[in-house]
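Student: Next input, structure requested:
(3 chains)
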Amino acid sequence: MAGSIPASAASDGGLWRDAGRVLRGNRAAVAAAGLIVLLVAASLLGPWLSPYALDEVDWTLSPLGSPPSLANGHWFGTDSNGRDLFVRVWAGTQVSLLVALLATVVSVVIGVAWGATAGYLGGRADGWMMRVVDVLYALPYMFFVIILTVVFGRSLWLIFLAIGAVGWLTMARIVRGQALALRHREFVTAAVALGLPARRIIARHIVPNVLGTVIVYATLTVPQVILFESFLSFLGLGVQEPLTSLGRLVAEGALEMETAPWQLLAPAAVLALLLLALNFLGDGLRDALDPRQR
Amino acid sequence: MSELLLRVRGLTVQFPMRRVRLAGPRGWLTAVDSVDLEVAAGRAVGIVGESGCGKSTLARAILALVAPQAGTVEWRGQPVGLDDPVGLRRMRREVQVVFQDPVGSLDPRMTIAESVAEALAALAGKQARAAQAARIAETLAEVGLDPALGARYPHELSGGQCQRAAIARAIVARPRLLVCDEAVSALDVSVQAQIVNLLADLRQRHDMALLFISHNLAVVRHLCDEVAVLYLGRVVEQATSAAIFAAPRHPYTRALLAAVPHPDPATLVPGAPAESPTADVTAVAGGGCPYGPRCVHVEATCRDRRPRLEDTGAGHLAACHRWRALPPGPGTR
Amino acid sequence: MVGDALFSLRDLSVEFATPRATVRAVREVSLDVRRGECLAVVGESGSGKSQLFLGSLGLLAAGGTARGSARFDGHELLGPDPAPRRAVLGTRLALVFQDPMNALTPHIAIGRQLAEVVVDRGRLDAAAARARSLEVLRAVRLPDPEARLRQYPHELSGGQRQRVAIAMALMTEPELLVADEPTTALDVTVQAQVIEVLRVARDRGVAVVLITHDLGVVAGIADRVAVMYAGRIVESAPVRELFAAPAHPYTAALLASVPRLDTPAVRRLSGIEGQPPPPGAELPGCAFAPRCATAFDQCRASLPVLQADAARSVACHAPRHADGAVP
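Tutor: Down below sits the predicted model:
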């Protein structure tokens, strides 16, 4: 058979497997991924391991805020109200991660749909869709968040809404740029020549080919979201009692910085490690998924 | 007389150019200018020309991928346009295309089998899984690919194999007309020969017509029954393949033929193309013949009036004022 | 007037380290380029023809290593000392690539780019540089050279840009010009003009290495041809002998698969079955054996070595005879 070669090796799995291979070769990224897994596991298991509860005040201590000690079981110490910091830090990490994950998912879903459609359609539709993005970008989001908080009160869902409403804009811009470039590629023209409707082409051809970029930016968005939530908490607009987040803990710890440094140290260290690991992982993903490196 | 499949009349495609001043007049680049073309069932028609002659734009207009400013495209007697989705669907089922870049014309995130399946589903409607798989395997084998290669991704295959896959995708729904837009230009010479043979075989086996667009005159000569030569968006010569290559009438066709290097050191070196060497090839003529600035036979009439396509005998059309006066051309055996 | 060897490669190999495996693109290639001659290096994708010269000049992409010897006028270019390479590249040895925009900077006028080549190294002053620029532009047959000096690359057509790239290469009066697929992206009419320019250079005494896959172009300008397949030279001969009586089955099959205008039209082109091995594939015997119509057991078992005979050399266990007969 002319042109045929023996079907010896099976497919190498395509571009995702290739990317996986490159990623596994990047030691910093692998270590970062491991660290993230460790932190997530710690955040889930930590509260179980400690004999204390989240809200429990330990009246046996004097003063209430006491430094870390192995003897009394407060491994990270306690805050000014006598609550165990070990439990609070890990519970706070849970909340921060949850907020970051949900907000990122929301911004990815909306951002990809918006950006891919705008980029593929081009012309006027693209113009209008991106003007909406531009206008929203221009709104000072802090005012937006404050107004929402005043009107609706403080709740976890409001945090998602506020962060999601801002996060999808950048994702849409990035995806739109990629989609604009993709629509001129020959395989997209081939799909048009098959008579496929636009929504099919966007879903089957545009989105899968922007996923690489989306994954990278999503991974880099998570730290941004955590920081934003921390910032809101710092301003007193974040999660409310009895829930806590890394941001709230850092805010509270900062107030006691001079007299009780451990209250700042523990949550700040966890926050820093998490952000560092996420950034390293994001960098590694970008290297692995960069098509030019092939 | 075989059925007339494709009929193009007066097709004109223009693209807006950037405005020079903010409120000034907008210029238009005419990529395709009043082109007439016919393709009958089972025939192979070649479109030749160099870069910028509009052949790719012509192909896209025929495939309804770009809207013309003027003229009509008729498929089997029915006009087709972007504003007629039903007619367009019917045409797409019967007219398919193979592009120049073999790897680029396949979605890098889909396996070969998935790409072919998508075409089958889009053009022939949903089918039973087993029937679909069988048809895909059969088509891959028909284009010379081991069906097991269907599980691979485009970047794992060579250029020739990818082009075979692209051809499989194009023919899986048994089109009546296959448009090949520089389909072999990006391939190595030995692979090019294989693909050209494959196209000829498929054409014969399925009574499929071919619209073959290329700048490679030698390939066109081997594959096509009829040839149209395009220059700056206009057809300047049109005839059967034998007639055009044996006795070209238009100076541009003759210059093209003279410039093709022969793989034979014993023949005369084609170092001096039969055209004016001082011509600025990017210049566009005023009201006269568009080829005037480059033509070695140019005279006053050529600069004044644009020549129309006229019949120089036995259906051999040429757009030149001076075709009668030209000395016997290079031609081929 | 062909002289002695100007550029000599001995046992040159090029390897690339990729995530999956080490790919050997060029395998122990030896060849000579003599002064004043035009050598065409012909091959298809994966033959290693470009990597051969990029490797010999130390211009490989990241992850590539070149081993072996590359001597220019007796000076070793691949040694640990980069000085000889720097002294030679761009002055005595010039390169022209497929895409002229690789040599031309988009935002600098052509006159200045041409002059920079000689003024930067202190070889000529501004006035002399300008005169030389005009001279090379005339040599490459560009009409109205004075106007060209003020123009920018995007104002020229593809063919004109390529001629300017060649002119730039000629500014330093090089002894060797290596052109990597200079005509591949160009129209046929423009291609003829560029080949004419290379011929002019060759006639002025510049040795030319033309790397290409287009046999028609080769026939028009080359003195000698080296055919490469899967990283090795399989045949090397003076151009007339190669075209008239190719000894290696691959050369013969390649010539037969070129569609021609000067012979009667055929219904079927004769291609070569199968396809070239992927770059870096390791085969025990001759790399062409799987596709060769006249291959036998020894071909698949042992690698044929390049054997020289008078002016020709061929690497085949059963090369075709001079009268075209197949053994």
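Student: use CA for all of it now, contacts and neighbours both
Tutor: Noted.
Student: My guess is residue C:19 contacts residue A:22. True?
Tutor: Yes - shown here, residue C:19 and residue A:22 form a contact pair, counting by CA atoms under 8 Å, at 7.4 Å.
Student: Between those two, which has more neighbouring residues?
Tutor: The neighbour comparison of residue C:19 against residue A:22 (other CA atoms under 10 Å in any protein chain shown) goes to residue A:22, with 17 against 11.
Student: Surely that one is in contact with residue A:30?
Tutor: No - the pair residue A:22 / residue A:30 is not scored as a contact, 10.6 Å apart, by CA under 8 Å.
Student: Which residue is the nearest non-sequential neighbour of the residue of the stretch 101-250 of chain A found nearest chain B?
Tutor: The nearest approach of the stretch 101-250 of chain A to chain B comes at residue A:187, 4.0 Å away (CA to the nearest CA). Take residue A:187 and drop its neighbours on the chain: the residue closest to it by CA to CA, 6 or more residues apart in numbering or on different chains is residue B:105, 4.0 Å away.
Student: Quick check: phi and psi at the one you found.
Tutor: Main-chain torsions, residue B:105, degrees, to the nearest 10: phi -80, psi 0.
Student: Surely it is in contact with residue A:183?
Tutor: No - with contact defined as CA under 8 Å, residue B:105 does not reach residue A:183; the gap is 11.9 Å.
Student: between those two, what contacts are shared?
Tutor: With contacts taken as CA atoms under 8 Å, 6 or more residues apart in numbering or on different chains, residue B:105 and residue A:183 have residue A:189 as neighbours in common.
Student: Counting by contacts, list what the helix ranked longest in chain C packs against.
Tutor: When chain C is scanned for its longest helix (criterion: DSSP state H), the result is helix C:188-203. When contacts are defined as 3 or more CA pairs under 8 Å, 6 or more residues apart in numbering or on different chains; DSSP states H and E, helix C:188-203 packs onto helix B:251-259, helix C:158-170, strand C:207-212, helix C:215-221.
Student: Can you give me the pLDDT of the residue nearest to residue A:187?
Tutor: Here, the pLDDT recorded for residue B:105 equals 93.
Student: how close does it sit to chain C?
Tutor: 19 Å (CA to the nearest CA, to the nearest Å).
Student: you'd agree residue C:177 is in a strand?
Tutor: Yes - with DSSP: H, G, I helix; E, B strand; the rest coil as the criterion, residue C:177 is located in a strand.
Student: so residue C:134 sits right up against residue C:146, yeah?
Tutor: Yes - if you go by CA under 8 Å, residue C:134 and residue C:146 touch, sitting 6.9 Å apart.
Student: More neighbours: these two, which one.
Tutor: When residue C:134 and residue C:146 are compared for neighbours, residue C:134 comes out ahead with 20 against 14, by other CA under 10 Å.
Student: what's the burial count for the closest residue to chain A within the stretch 101-250 of chain B?
Tutor: Proximity of the stretch 101-250 of chain B to chain A (CA to the nearest CA) peaks at residue B:105, 4.0 Å away. Neighbour count for residue B:105, taken as other CA under 10 Å: 22.
Student: Quick one: residues contacting it.
Tutor: A:185-190, B:99, B:166.
Student: May I have the residues that are in contact with residue B:289?
Tutor: The contact partners of residue B:289, by CA under 8 Å, 6+ apart, come to B:302-307, B:320.
Student: where along the stretch 201-327 of chain C do the strands fall?
Tutor: C:207-212, C:224-229, C:232-238, C:307-309, C:312-314 (DSSP state E, counting those that start in this stretch).
Student: would you list the contacts of residue B:289 in CSV and tack on neighbour count?
Tutor: Output for the contacts of residue B:289, formatted as CSV (neighbours: other CA atoms under 10 Å in any protein chain shown):
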residue, neighbour count
B:302, 21
B:303, 18
B:304, 12
B:305, 13
B:306, 19
B:307, 18
B:320, 23
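Student: Max pairwise distance over these: which two?
Tutor: B:304 and B:320 (12.5 Å; CA to CA).
Student: Got the confidence number for residue B:214?
Tutor: pLDDT, read off for residue B:214, is 92.
Student: what does the stretch 151-300 of chain C have sitting close to chain B?
Tutor: C:157, C:187-189, C:192-193, C:195-196, C:213-220, C:239-240, C:243, C:254-255, C:257-273, C:275, C:278 (CA under 8 Å from any CA of the partner chain).
Student: Select only the buried ones of these in PyMOL?
Tutor: In PyMOL, selecting the buried portion of those, with burial taken from 16 or more other CA atoms under 10 Å in any protein chain shown, looks like this:
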select buried, chain C and resi 187+188+189+192+193+195+196+213+214+215+216+217+218+219+220+239+240+243+254+255+257+258+259+260+261+262+265+268+269+270+271+272+273+275+278
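Student: Next one: stretch B:236-255, is it in contact with chain C?
Tutor: Yes - counting by CA under 8 Å from any CA, chain C is contacted by stretch B:236-255 at residue B:255.
Student: and that stretch, average pLDDT?
Tutor: Mean predicted confidence for stretch B:236-255 is 91.
Student: Sort out which residues of it are buried, please.
Tutor: B:236-245, B:247-255.
Student: So, low pLDDT: which residues of chain B?
Tutor: Chain B contains residues with pLDDT under 70 at B:1, B:19-25, B:267-286, B:328-333.
Student: As a check, name the ranges of all helices in the stretch 51-200 of chain B.
Tutor: Using DSSP state H, counting those that start in this stretch, the helices of the stretch 51-200 of chain B run over B:55-62, B:85-94, B:112-124, B:129-142, B:159-171, B:189-206.
Student: Number of residues surrounding the residue in the stretch 51-200 of chain A that chain C sits nearest to?
Tutor: As assessed by CA to the nearest CA, chain C sits closest to residue A:186 within the stretch 51-200 of chain A, at 18.8 Å. If you count neighbours by other CA under 10 Å, residue A:186 ends up with 20.
Student: Please verify my assumption that it contacts residue B:104.
Tutor: Yes - using CA under 8 Å as the test, residue A:186 is close enough to residue B:104 to be in contact (5.7 Å).
Student: The nearest residue in space to residue A:196 that is not next to it in sequence: neighbouring residues, count only.
Tutor: Excluding the flanking residues, the one nearest residue A:196 by CA to CA, 6+ apart is residue B:122, at 6.7 Å. Look at residue B:122: counted by other CA under 10 Å, it has 19 neighbours.
Student: For residue B:122, give me its contacts.
Tutor: Contacts here follow CA under 8 Å, 6+ apart; on that basis residue B:122 touches A:194-196.
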